[in-house]
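Asker: give me the fold of what follows.
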Amino acid sequence: MEIEIISFGKIAEFVPQQRINVVGISDTNELKKHLEASFPMLKEIKYKLALNKNMIHENLLIEDNDTLAIMPPFSGG
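Answerer: Residues are numbered from 1 along each chain as shown. The predicted model follows:
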């Protein structure tokens, strides 16, 4: 399955925007593990994920051509 990765802030320095092919990954928890294995710097920082422009608050199924955004912590105000 192909997924688009979009990264923001400091994360964009080591996780470039790209399309990745993943096999055997069906949900966001598995995808997070895959990303942290591919980009070890992710393990060392706090970040948020959004799937198809919706913030992830629980494990969600992913589908072909979904878009995952990786964002550093942010605050409103």
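Asker: from here on, just use CA atoms for contacts and neighbour counts.
Answerer: Fine.
Asker: worst-scoring helix or strand of this protein, pLDDT-wise?
Answerer: strand 18-21 (a mean of 91; mean pLDDT, DSSP states H and E).
Asker: which is the next helix or strand following it?
Answerer: Counting by DSSP states H and E, the element after strand 18-21 in chain order, helix or strand, is helix 28-38.
Asker: just the CA atoms of that next one, as PDB, please.
Answerer: Coordinates of each C-alpha in helix 28-38 appear next as PDB, following Å, rounded to 0.1, in the frame of the first residue of the first chain:
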ATOM      1  CA  THR A  28      -1.600   3.800  12.600                       C
ATOM      2  CA  ASN A  29       0.100   2.000  15.600                       C
ATOM      3  CA  GLU A  30       1.900  -0.300  13.200                       C
ATOM      4  CA  LEU A  31       2.800   2.600  10.900                       C
ATOM      5  CA  LYS A  32       4.200   4.600  13.800                       C
ATOM      6  CA  LYS A  33       6.500   1.700  14.700                       C
ATOM      7  CA  HIS A  34       7.600   1.500  11.100                       C
ATOM      8  CA  LEU A  35       8.300   5.200  10.900                       C
ATOM      9  CA  GLU A  36      10.300   5.100  14.200                       C
ATOM     10  CA  ALA A  37      12.400   2.200  12.800                       C
ATOM     11  CA  SER A  38      13.000   4.100   9.600                       C
END
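Asker: contacts for the helix or strand that it is followed by?
Answerer: For helix 28-38, the following helix or strand on the C-terminal side (DSSP H and E) is strand 48-51. Outside strand 48-51, the residues that touch it by Cα atoms under 8 Å, 6 or more residues apart in numbering are 55-56, 66-73.
Asker: could you do stretch 2-9 as well?
Answerer: For stretch 2-9, using Cα under 8 Å, 6+ apart, the contacting residues are 12, 15-22, 63-72.
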